[in-house]
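In: need the 3D shape of this:
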Amino acid sequence: MRLQFYIWGMNWSIIFAIAIALILLRVLYLRIKANSMHSESFKNMNSKDKLAVLKECLLNNPTRTNIENLAEFLKSEGISADTDSYKSFMDKQLQLTRQKNAIAEDNELYAKESAWMDSIRPLEFAEAEKSKAEGDTARYIEHSLEGISRLYSDEAIIAELDKLAPLYGKAAKLADSYRDLMDTRDESGADDKSLEALRKKRDAWMEDLLTVDKN
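Out: Residues are numbered from 1 along each chain as shown. This next block holds a predicted model:
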């Protein structure tokens, strides 16, 4: 997987943003191969999980097949997205593999790819808006938090938490703790002990995110 290949050279902010989204998808991703869109295990998933897996497959294994799989799914769901535009990222990545010491450029490219992924909003947000229109605030909050857990970039996560804050007081606390986590990440060393401590703190934040405060 590309994430594993670049883990020692990439900027930690990019690694962390990607890892956040991987937490809920890891088991699914291991079960769904890049070209197995038509497998029974994939067909049995609900639409929001299918989208999450297809995006994850493309981000970590950017192939034409995975672009086509995502495009086919989006078309079936009536979601408009210029999937062909992702091919420019693939072309750039190919160029970078031929260069030495291209870590900074690859970091920038990976950030753009992550932002592209977030432009295709997780379907949990559509469920959230439907619940909000129906006056079901509790379900709106729950679906919004699920959607946030499937975002990639710091900016997108903070923006969605800020949007949720007026209806869900804990969102402001989550945004603050996420910013603290960002600071910890940026100051973290690259040794095993530091990375393990960061992982545990990240996992604790994700667990807190998905634990809905009923008060």
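
In: so this structure: which segments form each domain?
Out: 2-119, 124-209 (automatic domain parsing).

In: just put these in TSV and tack on mean pLDDT and mean neighbour count.
Out: (Each C-beta comes from the backbone N, C-alpha and C, glycine too.) Formatted as TSV, the domains of the chain follow (pLDDT from 0 to 100; neighbours: other C-beta atoms under 10 Å):
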stretch	mean pLDDT	mean neighbour count
domain 2-119	75	16
domain 124-209	92	16
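
In: so which residues of the protein form helices?
Out: Using DSSP state H, the helices assigned to the chain run over residues 2-6, 12-31, 40-43, 47-60, 64-76, 87-97, 103-119, 124-133, 137-148, 154-164, 170-187, 192-209.

In: what inclination does the fifth one have with respect to helix 47-60?
Out: When axes from the mean of the first three to the mean of the last three C-alpha atoms, to 10 degrees is applied, the directions of helix 64-76 and helix 47-60 differ by 150 degrees.

In: show me what helix 64-76 is packed against.
Out: Using 3 or more C-beta pairs under 8 Å, 6 or more residues apart in numbering; DSSP states H and E, the elements in contact with helix 64-76 are helix 47-60, helix 87-97.

In: and residue 60, how far from residue 114?
Out: 11 Å (C-beta to C-beta, to the nearest Å).

In: could you do residue 93 as well?
Out: Separation of residue 93 from residue 114 (C-beta to C-beta): 13 Å.

In: same check, this time on residue 132
Out: Using C-beta to C-beta, we find residue 132 at a distance of 27 Å from residue 114.

In: dump the residue contacts of the nearest residue to residue 146 once chain neighbours are set aside.
Out: Leaving aside its sequence neighbours, residue 146 sits nearest to residue 124 (C-beta to C-beta, 6 or more residues apart in numbering; 4.2 Å). By C-beta atoms under 8 Å, 6 or more residues apart in numbering, residue 124 lies in contact with 48, 143, 144, 146, 147, 150.

In: for the first one, which non-adjacent residue is closest in space?
Out: It refers to residue 48. residue 123 (3.9 Å).
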